[in-house]
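Novice: This is a predicted model, with the sequence first.
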Amino acid sequence: MSDPPYRIVSERLVIRCWEPRDAPRLKEAIDSSLEELRPWMPWARAEPQELSEKVALLRRFRGAFDLGTDFIMGIFDLDEREALGGTGLHKRRSADALEIGYWIRSSHVGQGLATESSAALTRVAFEHCDVDRVEIRVDPANEASLAIPRKLGFVEEGILRRRLPPDEDGVPRDVIVFSLFRDGFVGSPAGSTPVDAFDASGEPVL
Ligand SMILES: CC(C)(COP(=O)(O)OP(=O)(O)OC[C@H]1O[C@@H](n2cnc3c(N)ncnc32)[C@H](O)[C@@H]1OP(=O)(O)O)[C@@H](O)C(=O)NCCC(=O)NCCS
């Protein structure tokens, strides 16, 4: 498996490795979305964070990206003035698989951005990283999130019970596992999504 590109450009989005200088944009996106993030993203319960904490966090994200251990990315508009959300390709499943996670700032939900970003990452995972499987894991109660793998042709594998961190009332949450295998990717919506991708030096890789 090859490491993901540093910068991915889709129709409306730049999806790229976070940089410490993105801290004010990340903080503003999270702080303005806390009510919608808290039920689904366990880290959001520790928000809001100070700007200095965000700088430290983004240094860790950038470090992990450079070391090839985890690939956490920001989602931006095309001129990169605003952070629209966060996503990533995570190696936490198996050696031939990557898992996609995502959140979109509240002011920009309902425009198909999580679907566009996840389609772009799926294409990169198969065509650049050369994985055999991409996974998306969703809480069964999260209707908006469930729609994304379904729209992209991922197949529902099943429910793992009490496998996510506890909800705000301390109750462990179930998770639905969706996967797309290489043979299903060909001909899927992600297979034809427009994507440009660039390595750390800015050279095109896709
Ligand atoms: C889930 C989330 C990422 C969706 O982002 P988005 O950019 O609005 O997603 P999209 O517009 O690409 O797709 C959402 C789909 O869900 C549908 N949807 C939204 N709310 C819904 C609901 N309550 N019930 C059923 N479907 C719903 C939308 O209609 C859309 O489908 P459509 O394109 O067929 O109309 C965003 O709401 C979010 O960040 N939520 C908080 C964090 C989170 O839940 N992250 C995911 C953890 S697995």
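Specialist: Yep, that arrived.

Novice: So Ser117 sits against Gly86, correct?
Specialist: No. With contact defined as Cβ atoms under 8 Å, Ser117 and Gly86 do not form a contacting pair (9.6 Å). Heads up, the C-betas are built off the backbone N, CA and C, glycines and all.

Novice: State whether Arg150 is indeed within a strand.
Specialist: No. Counting by DSSP: H, G, I helix; E, B strand; the rest coil, Arg150 is not found in a strand; it is helix.

Novice: What residues does the chain have near the ligand?
Specialist: 36-37, 40-41, 102-104, 109-115, 138, 142-145, 147-148, 151 (Cβ under 6 Å from any ligand atom).

Novice: who's in contact with the residue nearest the centre of the chain?
Specialist: Nearest residue to the geometric centre of the chain (Cα atoms, centre = their mean): Thr87, 2.1 Å. Taking Cβ atoms under 8 Å, 6 or more residues apart in numbering, we find Thr87 in contact with Ile15, Ile72, Met73, Gly74, Ile75, Ile100, Gly101, Tyr102, Trp103, Ser117, Ser118, Leu121.

Novice: Tell me the secondary structure of the residue lying closest to Met1 once chain neighbours are set aside, please.
Specialist: Once flanking residues are discounted, Met1 sits nearest to Cys129: 5.4 Å by Cβ to Cβ, 6 or more residues apart in numbering. Secondary structure, three-state DSSP: Cys129 is coil.

Novice: what pLDDT does Cys129 get?
Specialist: The model reports Cys129 with a pLDDT of 97.

Novice: how many other residues sit next to it?
Specialist: The number of residues packed near Cys129 is 20, by other Cβ atoms under 10 Å.
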